[in-house]
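Novice: Dropping a prediction and its sequence here:
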Amino acid sequence: MTNFSSGRTSLNDSTEINTETNESILKYCYSEPSFIELVIFFTMTEFDLITHYFATQNQHRSDVIQNIGDDAAIVSPPKQHELAITTDTLVAGVHFLETTSPYDIAYKSLAVNLSDLAAMGATPAWVTLAITLPKADEDWIQAFCSGFFTLANRYQVQLIGGDLTHGPLSITVQAIGFIPCGQGIRRSQAKPDDLIYVTGTLGDAGLALQYLQDETKITPEHLSSILLRLNRPEPRIQVGEQLRNVAHAAIDISDGLVADLNHILTQSQVGATLFVDSLPLSEELKHLLSIEKAHHLALTAGDDYELCFTIPKHKQSEFEAKLSRIPCRYTCIGTINKKPGLNLCYQDGTLYQGPTHGYQHF
C-alpha cells in the first residue's frame with residue numbers, strides 16, 4: 001500500500017500505467033476506453049484526484065508527522081498507549097447494493113472500522129483508504145469524500161494514506177486508534193455472572209436490507225430513519241472509551257447478535273442466558289413488524305454496529321453512572337454462565353424457538 005503517492009497504478013488487466021507521463025496516456029488510449037472515460041482521464045490523473053479530493057481534509061492532527069504525499073505516513077502515538085488496528089473491506093453487490101449513494105458507501109466504510117475500535121475501547125486517530133473504482137467519476141468521488149470526511153472529522157480522525165486503482169468497486173479502510181496500556185477490551189475475558197449489555201436498538205438495519213431487496217414494505221413515514229440505520233451506523237466511540245477498566249469483554253454487532261455474542265462465549269469459554277423479550281427494539285420496528293419477526297431480526301440480521309459487552313455485577317452502578325453522561329441507550333439483556341452454550345429464552349422461562357443463524361461471509 002502506498003501513501004496515496006505511487007507513480008504507477010494498474011487501470012486494467014493488461015496495461016500498467018505511469019500516470020506522470022504523456023506516454024502513459026497514449027498506452028491508456030490504446031486500451032480503447034470509452035470516450036467519456038478518455039476525456040476524464042485526460043482531464044484528471046490519479047494524482048490529480050488524490051490532490052483535489054483525498055488530500056483536502058480539514059482535519060490535521062498534531063501527531064501526524066508525514067501525511068499524504070510520501071511512500072508511507074509517519075505518526076507519533078501517545079506515550080504509555082498501545083495501538084489498536086483494524087481493517088474492513090466493503091465490496092459492491094456483497095456489502096452494499098450497486099444503487100447505494102457514494103456518500104453512504106463512504107460513511108459506512110469508515111463507520112464499521114471505527115465500530116471495531118470502539119469495541120476494543122480505543123480512541124480512533126488515523127485511517128488509510130484503498131479504493132478500486134470502475135471509472136474516474138469526479139461527481140462520485142466528491143460525494144464519497146463528503147461522506148467519508150463528515151464522519152472522520154466528527155471523531156478527529158485523519159486520513160493519512162491509501163491507494164487508488166481501477167477495477168470493480170470496493171472500499172478497504174484501515175483504522176488505527178490508541179488505548180492506555182493494559183486497558184484494551186477483548187472478546188476473551190467474559191466471566192461467569194457478568195451482565196450482558198447492548199447499546200442502541202437492534203434489527204433496524206436488517207429491516208432496511210429486506211426493504212431494499214424487495215422482501216418487505218416500509219411505510220413512508222418510517223423509511224428514512226430505517227434506511228439511515230443501515231447506511232449510516234453510528235460508531236459507539238464514547239461508550240467504548242467509558243468501558244475501559246469496567247467491561248470484561250466486548251464486540252461490535254456486525255453479523256447479528258447471536259453470531260457475535262457466540263464469539264465472546266467461544267473465546268471466553270463460557271455460556272450465556274439471553275432474554276429475548278429484553279432486546280431493545282426501535283418504535284419503528286415494533287410498529288412495522290410482529291414482535292416475533294422483530295425479535296428474529298434483532299437476534300440475527302446484523303449490520304447494527306452496536307456494542308455488545310459484559311460487565312461484572314459489582315461494577316454495574318459505576319458503569320451506568322459513566323454512561324449517563326452519554327446520549328446513548330443501553331440495555332441489559334442477559335447474563336454469562338459458567339456452562340458453555342447460549343440459552344435463548346423469555347423472562348418467564350419459555351424457550352425461544354425462532355431462527356438464530358446470523359450472516360455468513362462464505
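Specialist: All right, it came through fine. Numbering: from 1, shown residues only.
Novice: now the strands: where do they sit in this structure?
Specialist: 8-10, 16-18, 64-66, 74-75, 81-91, 123-133, 158-166, 170-180, 195-199, 249-252, 271-275, 307-311, 330-337, 341-345 (DSSP state E).
Novice: TSV please, covering those and showing mean neighbour count.
Specialist: C-betas here are computed from N, CA, C, even on glycine. Below are the strands of the chain laid out as TSV (neighbours: other CB atoms under 10 Å):
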stretch	mean neighbour count
strand 8-10	14
strand 16-18	16
strand 64-66	14
strand 74-75	14
strand 81-91	17
strand 123-133	22
strand 158-166	22
strand 170-180	22
strand 195-199	24
strand 249-252	26
strand 271-275	19
strand 307-311	26
strand 330-337	20
strand 341-345	15
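Novice: So which residues of the chain form helices?
Specialist: Along the chain, the segments classed as helices by DSSP state H run 22-30, 35-43, 46-49, 102-119, 138-154, 204-212, 220-231, 237-242, 257-268, 283-288, 291-300, 316-323.
Novice: Can you tell me which of those helices is packed in deepest?
Specialist: helix 102-119 (a mean of 25; mean count of other CB atoms under 10 Å).
Novice: tell me the average confidence for that helix?
Specialist: pLDDT averaged over helix 102-119 equals 98, rounded to a whole number.
Novice: Likewise for stretch 73-85?
Specialist: 96.
Novice: next one: stretch 279-294
Specialist: On average, stretch 279-294 scores 96.
Novice: Would you mind pulling the contact partners of that stretch?
Specialist: 198, 200-204, 207, 218-219, 222, 225-226, 229, 257, 295, 297-299, 329, 331, 333, 354 (CB atoms under 8 Å, 6 or more residues apart in numbering).
Novice: if we can go back for a sec, with respect to residue 342, which of the helices of the chain lies nearest?
Specialist: Proximity to residue 342 (CB to CB) singles out helix 257-268 among those, at 6.1 Å.
Novice: any idea how far residue 356 is from residue 340?
Specialist: With distances taken as CB to CB, to the nearest Å, residue 356 is found 16 Å from residue 340.
Novice: quick one, which of these two is more surrounded?
Specialist: residue 356 (16 against 12; other CB atoms under 10 Å).
Novice: For the more buried one, give me its contacts.
Specialist: 258, 299-300, 344.
Novice: Go again with 10 Å.
Specialist: With contacts defined as CB atoms under 10 Å, 6 or more residues apart in numbering, the neighbours of residue 356 are 256-259, 262, 296, 299-300, 342, 344.
Novice: Which pair of those spans the longest distance?
Specialist: 262 and 296 (16.6 Å).
Novice: Pretty sure residue 132 sits against residue 169.
Specialist: Yes: under the criterion of CB atoms under 10 Å, residue 132 makes contact with residue 169 at 6.5 Å.
Novice: Now do the shared contacts for the two.
Specialist: With CB under 10 Å, 6+ apart, residue 132 and residue 169 have common neighbours 91-92.
Novice: per-residue confidence at residue 157?
Specialist: Taking residue 157 on its own, its pLDDT is 97.
Novice: Equivalent analysis for the one 10 residues further on, please.
Specialist: Here the pLDDT value assigned to residue 167 is 93.
Novice: What about it, how many residues nearby?
Specialist: Residue 167, neighbours per other CB under 10 Å, totals 13.
Novice: any idea how the chain splits into domains?
Specialist: The chain breaks down into these domains under automatic domain parsing: 8-180, 187-345.
Novice: just flag whichever of the ones you listed has the lowest average confidence.
Specialist: Among those, domain 8-180 has the lowest mean pLDDT, at a mean of 80.
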